[in-house]
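[1] Give me the fold of what follows.
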Amino acid sequence: MRIKILVWLFVASSLASTRDCIADPPQVDTSHGDSLVTEYFRSETRKLTDHAFADIESLDDWVSRRDEYRRQLLEMLGLDPLPRRTPLEPVITGQAEQQEFVVERLYFQSMPGLYVTANLYRPVEQDGPLPAILYVCGHGGEKKNGVSLGNKTHYQHHGAWFARNGYVCLTIDTIQLGEIEGIHHGTYREKMWWWNNRGYTPAGVEAWNCMRSLDYLQSRKEVDGERIGVTGRSGGGAYSWWIAAIDERIKAAVPVAGITSLQNHVVDGCVEGHCDCMYMVNTYRWDYPLVAALVAPRPLLISNTDKDRIFPLDGVVDVHSKVRRIYELYQAAGNLGLQITEGPHKDTQELRVHAFRWFNRFLRQDDSLVETTATAFLEKEQLRVFDQLPDDQRVTTIHESFVPAVAHDSLPATRQELQSVSERWMESLRERCFRGWPDTPDELDVKVVAQAEQNGTRLRAIEFTSQWPYRLRIYVIQPEGIEGEAMSVRVLDQDQWEAIASGLAVVMPSEFAGIEPNQQAWRELGPQSQASATAFIVPRGIGPTEWSRDERHRTHVRRRFMQLGQTAATMQIYDIRRAFIALDQMDDLRSRKRTLRARGEASVWTIYAALFEDRIQHLDLVDLPIRNRDAPDLLNVSRFVELPQVALMAASRVERLRLVNGDNRDREWRQILEKNEFASELVQLHVGSLPE
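    Predicted coordinates:
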């Protein structure tokens, strides 16, 4: 019942926002598409949730997989291979003293130009090396007169408590809310969907800064490098998970309000309350208990409040119950704790006290009561590191370089070289970009659901199951008396669908209810002059299955796909492949060679689909982008190929690849392809309209 209510609310809110957003007639009813995508997310989430730990029966099962899981997590954070550990170049810019502790203002470079601003809290007096805490900050920004003081100043009371109670504590700024203000909201707010193409997430930068922070702590004589813990709340809770999972120098961890289940994020909508720093690029399609399990058997306290709307109680408890199985395999259940206190998403005193006691217990073997409160002693301005920001900083642009990418103009020079690299590229595409495609396809169940004739031309609507619950349409125009061995296949994006649907509605009005028939559009399809059959493929999210047009809702539909290790475009490519198979099940269309045609974003879907399908004779693409960052997002693709490389692979598989572009884009394509004779021979370029 709870799931049904959540699904209803999800769809209802989508429709309400759509009505508010779309003011110009005609109104578009996307209720069917919204219901489908909601059910799809529920179904896919359940599959991933059920798969987590499904094959772990013994400690040997877990240990044999653990290193590979950790490698996968590093890769999904953009950290495989790890960046080179360059000199930290630490600088202490000043300090502030209190009766019980000293705070150092400092910075270091986790890689050249990637500055980490921090405060180091330590007792005024100490007899020897002390246990240390890495405190990672949540989204508590602090500014004065428009100048960022860093979120480390917002959480100063934590560092002060640790220093007053026998610890060294390093509190670090994040890249978004630090003194140098970078970006966490690439897909959420800035529409930088190319982050997915790059395989980039700011979570990776935060994890790397945490790793280098451990390097710095271990370099300090005041620190016992074998007794380091990590904590933080909200965003800092998430970063606590990353560093505790990937770096075993963390001996005890207390992530506060930083993790919940995939069900909460995707189905219940928590993804809408989180920026990109909370998520890895989910290439390997994990549920979040797998991240937590990588901390085992080290001491881990999962800490949360009971009324936290973005880390709901049921999801937090679910994560704990699944991770407990792994701790029990280690016979270390006593090292796993769950603290739930009353309250909203807030840094409450109850949360702090339990965290302090956890670290005392496991880093100092001290189980005594906590008698001091966490108190802020300093003015925030006293904790600012920089008087002037460094000119060579890369924090604000680190998303451009953190994850390496291939050059778009690096092309093989011969057919032999292309064949060699194509095998490697295709393997990478299957395993790292299209891993979200189903391992076991659903039954196609191909049916002709409607047909009609006009003036000697037959129109059929063919329905098939691409992936449950998506029953998609192919529309086939076929002049009577024309057999032939070829057919034209056009892949439609939303603009093309709207241009063509009104024409098809002339012949089949019942199939296109709500669409005004347009005789001119029908004539422009040219059915009377067709020399062969023409099929129109309509992937999910287009036409009959279009989801809400509200911009915010569409953003979070795309981000839900990301959570599932997919993108909308990835699954639209899958739909095109499934449509090819469906056409093969039609007796009169099965043996025909195909000319594929597409425009704009559909040209990107189509060229990738062509890499995985045979019997494509010609490939005609209009306005194919030249760079991935201008194309629909596919996870990780820029790590391996850019569109010119994809074009060469596709061209080597078909008799003809034609790219039709305007003057400027055509000039760019020519500059790249004409660098070597082989590439320019494979790909035909045209300016203007598509030649017949």
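[2] Who are the contact partners of the residue most central in space within the chain?
    By C-alpha atoms, centre = their mean, the chain has its centre lying nearest to Met562, at 3.8 Å. When contacts are counted by C-beta atoms under 8 Å, 6 or more residues apart in numbering, Met562 touches Thr187, Asn196, Tyr279, Val281, Asn282, Leu635. Any C-beta I mention is one placed from the backbone N, CA and C, and that applies to glycine too.
[3] The first one touches Asn196, doesn't it?
    Same thing as Thr187. Yes - contact criterion C-beta atoms under 8 Å: Thr187 and Asn196 qualify, at 7.0 Å.
[4] about what we covered before: buried sites along the helix or strand where the residue nearest to the centre of the chain lies?
    Assigned by DSSP states H and E, Met562 belongs to helix 551-563. Judged by neighbour count (16 or more other C-beta atoms under 10 Å), helix 551-563 contains these buried residues: His553, Arg554, Thr555, His556, Val557, Arg558, Arg559, Arg560, Phe561, Met562, Gln563.
[5] returning to what we had before: among the contacts of Met562, which one is most surrounded by other residues?
    Asn196 (29 neighbours; other C-beta atoms under 10 Å).
[6] State the distance from that residue to Val205.
    Asn196 is 16 Å from Val205, where distance means C-beta to C-beta, to the nearest Å.
[7] and Thr375, how many neighbours does it have?
    Here the count is done by other C-beta under 10 Å, and Thr375 has 10 residues near it.
[8] Would you verify that it is located in a helix?
    No - counting by DSSP: H, G, I helix; E, B strand; the rest coil, Thr375 is not part of a helix but coil.
[9] low-confidence ranges in the stretch 351-500 of the chain?
    481-484 (pLDDT under 70).
[10] Okay, strands next: where are they in it?
    Listed in chain order, the strands of the stretch 351-500 of the chain (DSSP state E, counting those that start in this stretch) span 447-454, 457-467, 470-479, 486-491.
[11] distance between the shortest one and the chain's centre?
    Right, strand 486-491. 33 Å (C-alpha atoms, centre = their mean, to the nearest Å).
[12] and the angle for it with strand 470-479?
    Calculated by axes from the mean of the first three to the mean of the last three C-alpha atoms, to 10 degrees, strand 486-491 forms an angle of 140 degrees with strand 470-479.
[13] Identify the residues contacting strand 486-491?
    Contacts for strand 486-491 (C-beta under 8 Å, 6+ apart): 496, 530, 532-537, 539, 576, 580, 583, 589, 592-598, 602, 605-606, 609, 617.
[14] can you list the domains in this protein?
    76-400, 405-435+624-692 (automatic domain parsing).
[15] Highest mean neighbour count out of those?
    domain 76-400 (a mean of 20; mean count of other C-beta atoms under 10 Å).
[16] How far does that domain stretch from one end to the other?
    This stretch, domain 76-400, spans 17 Å end to end (C-alpha to C-alpha, to the nearest Å).
[17] ok, back up a step: out of the buried residues of helix 551-563, the closest to Asp50 would be?
    Asp50 has its nearest neighbour among the buried residues of helix 551-563 in Gln563, at 15.9 Å by C-beta to C-beta.
[18] who's in contact with the closest one?
    Leu262, His265, Val266, Val271, Tyr279, Asn282.
[19] Quick check on the nearest residue in space to the first one that is not next to it in sequence: phi, psi?
    Taking C-beta to C-beta, 6 or more residues apart in numbering, and ignoring the residues beside it in sequence, Leu262 has Asp287 as its nearest neighbour in space, at 4.4 Å. Asp287 has phi and psi values of phi -100, psi 160 when expressed as degrees, to the nearest 10.
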